[in-house]
Structure formats: C-alpha cells, structure tokens
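Colleague: sequence first, then the predicted structure, then my questions.
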Amino acid sequence: MPVRVSRRFDLISIAGLTIGVAAILAGQVLEGGHIGSLLQPTAFVIVIGGTLGAVMLQSPLKVFLDGLAMSRWVFRPPQATVEELMRRILEWSYQARRGGLLALEPLIERQNDLFERRGLQMLVDGAEPEVLRETLELELTAYEQHHQDAARIWQAAGGYAPTIGIIGAVMGLIHVMENLSDPAKLGSGIAVAFVATIYGVGSANLIFLPMSNKLKAIVSRQVRLKQMYIEGLVAIANGENPRMIEAKLQGYLL
C-alpha cells in the first residue's frame, strides 16, 4: 500500500544522527587521536557486509526490500496527519448527507492510498457498516504486521552488527599474530581489530536500533490513522450526523 511521503525532512532525525557522529569524532580529536585512524575500509567491509548478509539470511525478500525502502521514512516521514484526515472525513460526511453515498464516487480515484481508495469504494457501493469494518480491519492487521516486520530488519541489524564487529576484531588479531616477526604489519592488524569493534557497536547504537524504533513508531502512527479512517467511514455508512462524527474522531487528536 503506497504511503505519501513528506517532502519535508525530519530535522530531529538529522540532528540526532549528526550530534551522535560528531560527538564520537570530537572525542577522538580531544583525546589526541586523528579522525583518519577511524577510517578503515577493511573493518567497514567486514562489519557492514557481514551484517547485511545476516539480515538477508533471516528475512524474506519482500520484507527485506520493504525494510530498505522504509528507511527513508526516518528522514522523510509520511505526511498524513490526524487533522488533515479528520477534515477530509467530515467533508465526505457532509457530501454524503446532502447527495447520498453516490456523491462520493468521484472522490475515489483521487485517493493515492490504496487502503483509502478501497474503503471509499466499498462505502459508495453500499457495503454494510459491519462488513466494511471487518474487511478494512483485516487489511489493516496485515498492513501492520508486514510493516512492523519490515522495520524489524533494522533491529536485527542492530543485534548482529556488534557481534560481526567482534569477528572483525578477532580477524585483526589473527593478522597480528601471523606477523609478529614483521613489526611493520602489526599496526594495520591492530587498527582493524579495534576499529571493527567501534563500527559494530557504533552502527548498532547510533544508526540501526534508533532507525528501527523510529520506523516502528511511524508504522504505529500510520495504523492509528487508518483506524481513524475506518471509524469515519463506518460512521458515514451508518448515516451519523457530521457533528457526531467529529465528536467521535476528536479522541484521535489526543
């Protein structure tokens, strides 16, 4: 089900990521280190590649791809709001009260969201209120389950990354042990060992886990909007007074 994504960036997500990364880099400089010492391509390939492979192994293809696509919601969340949806539902209720349910038919094709289009089509077709509710709630349950599963691929990445980082650290130490007789090669092996751990723990706690939690919160908000949409359509189908519908939907503004 397509969801319209806002053109506006979520500034708090950008600020949070920037502050987190900047704090680590600043700490490295304050301790007398060099930022360049944290740039280790080998460690990056081990941690990110290993984490990606682990997540792909555990996930169905569609869930994995949808999880990747949903990542843009962290910085550009869906634009729909409770206030905007309430305004549309109340407009529809007044139109239906004046011209009957068929007066809403021209609006069906204007809905970008398939869930909203299907619900409005059922309403215009004269579906019984309980049938309308049951059908849309079943679809909503499937929507929530799928999108929560997609969001959890980032939670899984946050779980695997530190462990893959430890694997990278062990590999670096193996490289050190193999070259004890050649001091010139010891530095690179030790660097990979420590930086791989930083990449694993850092990516998990600064990127993957926060992204997962943010996406799950956004999905919950989308589910709440769709629940409100169902309540509004069912109220229109029951022929309720628009003022009563508005009073009923006010609870979603809290």
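Modeller: That came in fine, so what should we check first?

Colleague: quick check: what element follows whichever helix or strand residue 27 is part of along the chain?
Modeller: Secondary structure from DSSP states H and E places residue 27 in helix 11-30. Downstream of helix 11-30, the next assigned helix or strand under DSSP H and E is helix 41-44.

Colleague: so what touches the helix holding residue 27?
Modeller: For helix 11-30, contacts defined as Cβ atoms under 8 Å, 6 or more residues apart in numbering pick out 34, 35, 37, 38, 74, 75, 202, 206, 207, 210, 214. Every C-beta, even on glycine, is put in place using the N, C-alpha and C of the backbone.

Colleague: what sits against the second one?
Modeller: If you count contacts by Cβ under 8 Å, 6+ apart, residue 35 has them with 25, 28, 29.

Colleague: what about the helix holding residue 27, average pLDDT?
Modeller: Mean pLDDT, helix 11-30: 90.

Colleague: how about stretch 198-208?
Modeller: Averaging pLDDT along stretch 198-208 yields 95.

Colleague: follow-up on the earlier one: compare the contacts of residue 35 and tell me which is most surrounded.
Modeller: Counting neighbours by other Cβ atoms under 10 Å, the top entry in the contacts of residue 35 is residue 28, with 16 neighbours.

Colleague: shaky segments in the chain?
Modeller: Scanning the chain for pLDDT under 70 picks out the ranges 1-7, 184-189, 254.

Colleague: break it into its domains for me.
Modeller: Here the domain parsing of the chain from automatic domain parsing is 8-39, 41-253.

Colleague: buried ones in the first one?
Modeller: Judged by neighbour count (16 or more other Cβ atoms under 10 Å), domain 8-39 contains these buried residues: 10, 13, 17, 28, 38.

Colleague: mind checking how far the one residue sitting closest to the centre of the chain is from residue 13?
Modeller: With distances taken as Cα atoms, centre = their mean, the residue of the chain nearest its centroid is residue 215 (2.7 Å). According to Cβ to Cβ, to the nearest Å, residue 215 and residue 13 sit 11 Å apart.

Colleague: pull up the overlap in contacts between the two.
Modeller: Counting by Cβ under 8 Å, 6+ apart, the residues touching both residue 215 and residue 13 are residue 74.

Colleague: pretty sure residue 252 contacts residue 230?
Modeller: No: using Cβ atoms under 8 Å, residue 252 is not in contact with residue 230, being 11.3 Å away.

Colleague: give me the element the spatially closest residue to residue 46 that is not a sequence neighbour is part of.
Modeller: The shortest distance from residue 46 to any non-neighbouring residue, by Cβ to Cβ, 6 or more residues apart in numbering, is to residue 168 (3.9 Å). In this structure, residue 168 is located in helix 129-178 according to DSSP H and E.

Colleague: measure residue 172 to residue 37 for me?
Modeller: With distances taken as Cβ to Cβ, residue 172 is found 14 Å from residue 37.

Colleague: between those two, which contacts overlap?
Modeller: Common contacts of residue 172 and residue 37, defined by Cβ under 8 Å, 6+ apart, comprise residue 191.

Colleague: phi, psi of residue 59?
Modeller: Dihedral pair for residue 59: phi -110, psi 140, per degrees, to the nearest 10.

Colleague: also residue 78?
Modeller: Main-chain dihedrals, residue 78, degrees, to the nearest 10: phi -50, psi 140.

Colleague: surely it touches residue 215?
Modeller: No: the criterion here is Cβ under 8 Å, and residue 78 misses it with residue 215 at 11.2 Å.

Colleague: tell me which of the contacts of residue 35 is nearest to residue 237?
Modeller: residue 25 (57.2 Å; Cβ to Cβ).
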